[in-house]
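J.: just coords:
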């Protein structure tokens, strides 16, 4: 990657609008059924939910698409879904939001993942998942890799959005990463457990603290700087990655990238729901990496965005205007975001 460039907040947010971002991974549907409970079923000791309204939303990698789009960039999905009716509904959700479907591969051997939540008042009664986590077939993988290679040269950054549902495996990750590196397109990773150690030679790797411990199968004291840095060094050396961005929940974030290490505290906020915060973090980080921003700005702006979406109930994409307003107010993001860890 070329040396980091310095942009003002205004220039940075304007530059987001010029980006094309490829998201490769597990895209799914989130279904919500809201209702009221007024009685218990005579058939079994369970509540009867009288439906008030229903809503479909993009989930999984789809929420990253929405966050990238909310930042002003063009978001492109590359994934494998079924030819079934839920797959049609997913395509409908994409087109309704002016998101391209060019990277989608339809296969009649693949289940389209749906996570359906039944909510009574403000309480989730049950969640029903229709999904598979089996790996895609060899033919589907070949199509996924070919489609990714067609799209990567037209994009500025690749996000691997892995939910362990089987779209990504070691071979696909290795081939796509190698091709992106040949094209000098950065790769940013939001990992899960199964493929954690397969993301070799990627640009920026973003696990949370739990994923870091489970992925490396090690225990360490996150509050001990030496122990924590040793764990990050182990991650970087084992995967031969250029950098790591570790989300630490209420402890903030830590970045080790391009020869710099910064630990930034979390912003004090009224937390309503942490769902989807990681999707916001990876989206902002990837756009900043694409624009060759300094590590502390990458971590600072991502940390800020992740905190902002936690103030909303449910999974929502970042509000770009609100993020910019906060970034301007907290001008340390550019000039004095953090001291070195």
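T.: Structure's in. What do you need? For clarity, every value in this text was computed on a predicted model and none was experimentally measured. Residues are numbered from 1 along each chain as shown.
J.: burial of residue 254, as a residue count?
T.: 25 (other C-beta atoms under 10 Å). Using the backbone N, CA and C atoms, a C-beta is placed for each residue, glycine as well.
J.: Please, which helix or strand holds it?
T.: Residue 254 belongs to strand 253-257 when elements are defined using DSSP states H and E.
J.: Now find how far off-centre that strand is within its chain.
T.: 17 Å (C-alpha atoms, centre = their mean, to the nearest Å).
J.: List of residues touching it?
T.: Contacts of strand 253-257 with the rest of the structure, by C-beta atoms under 8 Å, 6 or more residues apart in numbering, involve 204, 228-229, 232, 236, 242-248, 261-264, 266, 281, 295-296, 298-299, 302-303, 306, 341.
J.: Low-confidence stretches in the stretch 151-300 of the chain?
T.: Within the stretch 151-300 of the chain, the stretches with pLDDT under 70 are 267-276.
J.: Could you check the pLDDT of residue 332?
T.: Looking at residue 332, its pLDDT reads 51.
J.: Please check the contacts of strand 253-257 and keep the buried ones.
T.: 204, 228-229, 232, 236, 242-248, 261-264, 266, 281, 295-296, 298-299, 302-303, 306 (16 or more other C-beta atoms under 10 Å).
J.: Please enumerate the strands of the stretch 101-250 of the chain.
T.: 104-107, 114-120, 123-130, 157-161, 187-190, 204-205, 243-247 (DSSP state E, counting those that start in this stretch).
J.: Go through the ones you listed and name the closest to residue 23.
T.: strand 157-161 (4.7 Å; C-beta to C-beta).
J.: Direction included, what does the closest one pair against?
T.: Paired neighbours of strand 157-161 in the sheet (DSSP bridges): strand 20-25 (parallel), strand 187-190 (parallel).
J.: who's residue 261 bridged to?
T.: residue 256.
J.: Quick check, it in contact with residue 233.
T.: No. With contacts counted by C-beta atoms under 8 Å, residue 261 stays clear of residue 233, the gap being 10.2 Å.
J.: Now do the spatially closest residue to residue 243 that is not a sequence neighbour against residue 14, distance only.
T.: Distances taken as C-beta to C-beta, 6 or more residues apart in numbering place residue 257 nearest to residue 243, at 2.9 Å, with adjacent residues excluded. Residue 257 is 23 Å from residue 14, where distance means C-beta to C-beta, to the nearest Å.
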